[in-house]
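> sequence first, then the predicted structure:
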Amino acid sequence: MENSQPIVELDLYIIRHGESMCNAGYGREDITFKEGQDPVLTEKGIAQAVAAGEFLKDISFDEFYASPMLRAARTATEIMKSRYENLPLHIMPELCEVGVHLDYKGVEIDEIREFAPNAVYAEGTDTAETRMRYDTHEENDKVNERARFVIDYLRTRYKSGEKVVLVSHAAFITNLVFVIMSLDKQAPAFDIDYNNTGITRVTYYKPGTYKWGDTVFRYINSTAHYSLMK
């Protein structure tokens, strides 16, 4: 019999980073290897992140996670500034983008702490050797393994209605969403064009307590916060 009171175990907000130098076009040809692999946010990207933070400021978030790449960690930081700067920002290497060059090893966490003083490695990923997580990204199965790891990681730790933010990258978010939809075992029949700072909200219910299913997408790639950009 259906439970009359749906029980939320996890409310997950998946957010793409704001506009980066790469998204905007670098405007010059002499970019460094680091800039090419790990571009920073543009002023517009920062404004997008600030607007997302303003839009979400009344939600009582419990945890924030971000990719170790500069554009994602900075986006998370700008969102947190609206209300959550005292919470730790958990840096999760598994959230890094698809297709990063194998020679790029990422930045030290001290560089992230220059703009995110409360940045810490997510539990279990706290050594220098784990700054980045990628393999042969031409193999989609490897990316899906990472995505499944992220979901299992969160679902193991959060079962009491916590509200959690993940800030990652368009291609990886696509794999993450397909894993959540249980579409990771087949060739995808569609794609989602995630906007910079587009927000996707997924609610996980205790099995059997919600009539529409245990996993519910509230919205995908919402950019309602763009109206708040200054």
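All right, it came through fine. Residues are numbered from 1 along each chain as shown.

> out of everything not next to it in sequence, what's closest to residue 97?
Residue nearest to residue 97 in three dimensions, not counting chain neighbours: residue 169, with 3.7 Å by Cβ to Cβ, 6 or more residues apart in numbering. For every residue, glycine as well, the C-beta is placed using N, CA and C.

> neighbours of the one you found, how many?
Counted with other Cβ atoms under 10 Å, residues neighbouring residue 169 total 22.

> got it, and the one 4 residues further on?
Residue 173 is surrounded by 26 other residues when neighbours are defined as other Cβ under 10 Å.

> so what's it up against?
14, 16, 192, 194, 200 (Cβ atoms under 8 Å, 6 or more residues apart in numbering).

> just the buried members of those residues?
The neighbour count (16 or more other Cβ atoms under 10 Å) marks 14, 16, 194, 200 as buried among the contacts of residue 173.

> can you tell me which of these are in strands?
14, 16, 200 (DSSP state E).

> dump those residues to TSV, plus distance to residue 182 and pLDDT.
Below are these laid out as TSV (distance: Cβ to Cβ, whole Å; pLDDT from 0 to 100):
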residue	distance to residue 182	pLDDT
14	16	98
16	22	98
200	16	98
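
> tell me how far the most centrally placed residue in the chain lies from residue 222.
In the chain, the residue lying closest to the centroid (Cα atoms, centre = their mean) is residue 167, at 2.4 Å. To residue 222, residue 167 is 15 Å away according to Cβ to Cβ, to the nearest Å.

> count the residues that sit near the closest residue to residue 224 other than its chain neighbours.
Among residues not flanking residue 224 along the chain, residue 55 sits closest, at 6.5 Å (Cβ to Cβ, 6+ apart). Neighbour count for residue 55, taken as other Cβ under 10 Å: 20.

> and residue 11, that's in a strand?
Yes: when DSSP: H, G, I helix; E, B strand; the rest coil is applied, residue 11 is found to be in a strand.
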